[in-house]
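Colleague: how does the following fold in three dimensions:
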Amino acid sequence: MRTSNVTTGYIRSMSSNVTAVNTGGRCAILETMNPARTPADRRKAYHHGTLRVALIDAGVALARAGGPDKVVLREAARIAGVSHSAAYRHFTDREALLSEVAHCARGELAAQMLRGADRAADPVSRLGAVGTAYVDFALNNPGLFRTAFIAHPSPVRDNHDPHRSDAPESPRPGVEPFEVLEQVLDEVQSAGMLDPHRRPGAAIAAWSAVHGLAGLLVDGPLPSARPEVDLALSQVLELIARGLLRLPGQSADAPDRHTQSHE
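Modeller: This next block holds a predicted model:
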């Protein structure tokens with residue numbers, strides 16, 4: 001079995017980066033947002049661009065409580081204790097604020113996925129752990145989950161697609177959920193558990209399955225009681241594993257049905 005190039009240490013370094021983004025950057029819950037402080041106190045505390053961060057934090061709080069529809073620039077300004085005209089100096093409209101809030105929501109989701117991966121002992125377990133963390137985040141933070149993908153800066157591209165001709169875009173600051181999944185799948189492949197022919201599109205297939213389940217649990221007809229969630233999640237993760245991974249007892253040299261179908 002080959003040694004993974006994407007080590008647990010790398011996953012941990014990604015986790016540290018996300019923590020820094022979410023606690024030290026735009027998505028930080030600032031002292032200026034302390035509800036014990038008056039609006040006048042908050043206005044005095046804003047300097048060197050911290051008002052923009054405070055507005056984003058207010059937007060995140062609104063999304064957490066009520067989803068994307070509750071993210072309104074005037075309400076964010078009210079929570080921050082500033083006039084709406086002051087808010088418009090940082091955001092041209094609601095969509096601009098919503099884009100930043102969605103980015104922060106995805107950052108929180110990615111951070112939870114990384115924490116799940118960090119607790120797992122091996123690459124295959126990490127793949128299941130990030131899927132479980134994804135669904136748990138959706139159930140525990142439905143407002144943020146609904147907001148996370150309401151605004152996305154650019155289409156997600158599979159960097160392993162052999163037919164892709166354009167160069168990968170420079171990532172936006174912070175780690176995205178799709179990037180976490182890509183790194184875990186790279187680790188699974190490096191460990192010899194994922195055939196290289198199956199790697200292109202694997203992240204999109206796995207993400208679609210888990211995201212679909214999360215959406216059906218949060219907004220659809222599936223029951224959200226924990227026993228039913230665990231059953232549904234285990235079935236989805238098993239389908240992903242059977243569809244992508246080399247099962248125990250299967251030789252690394254065994255012919256791959258997916259590869260045969262394209263010969």
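Colleague: from the contact counts, what lies against the helix or strand containing Gln183?
Modeller: Assigned by DSSP states H and E, Gln183 falls within helix 177-190. Applying 3 or more Cβ pairs under 8 Å, 6 or more residues apart in numbering; DSSP states H and E, one finds that helix 177-190 makes contact with helix 8-24, helix 94-119, helix 123-140, helix 202-219. Every C-beta, even on glycine, is put in place using the N, C-alpha and C of the backbone.
Colleague: looking at the ones you listed, which is nearest to Asp230?
Modeller: Among the helices and strands packed on helix 177-190, the nearest to Asp230 by Cβ to Cβ is helix 123-140 (9.1 Å).
Colleague: from the contact counts, what lies against the closest one?
Modeller: Packing partners of helix 123-140 (3+ Cβ pairs under 8 Å, 6+ apart): helix 94-119, helix 142-148, helix 177-190, helix 202-219, helix 226-244.
Colleague: quick check: angle from the third one to helix 94-119?
Modeller: When axes from the mean of the first three to the mean of the last three Cα atoms, to 10 degrees is applied, the directions of helix 177-190 and helix 94-119 differ by 30 degrees.
Colleague: is it fair to say Pro200 lies in a strand?
Modeller: No - assessed with DSSP: H, G, I helix; E, B strand; the rest coil, Pro200 is coil; it does not lie in a strand.
Colleague: got phi/psi on it?
Modeller: Torsion angles at Pro200 (phi, psi; degrees, to the nearest 10) stand at phi -60, psi 130.
Colleague: cool, Thr92 as well?
Modeller: Note on Thr92: backbone dihedrals following degrees, to the nearest 10 are phi -70, psi -30.
Colleague: okay, it: pLDDT?
Modeller: Note on Thr92: pLDDT of 92.
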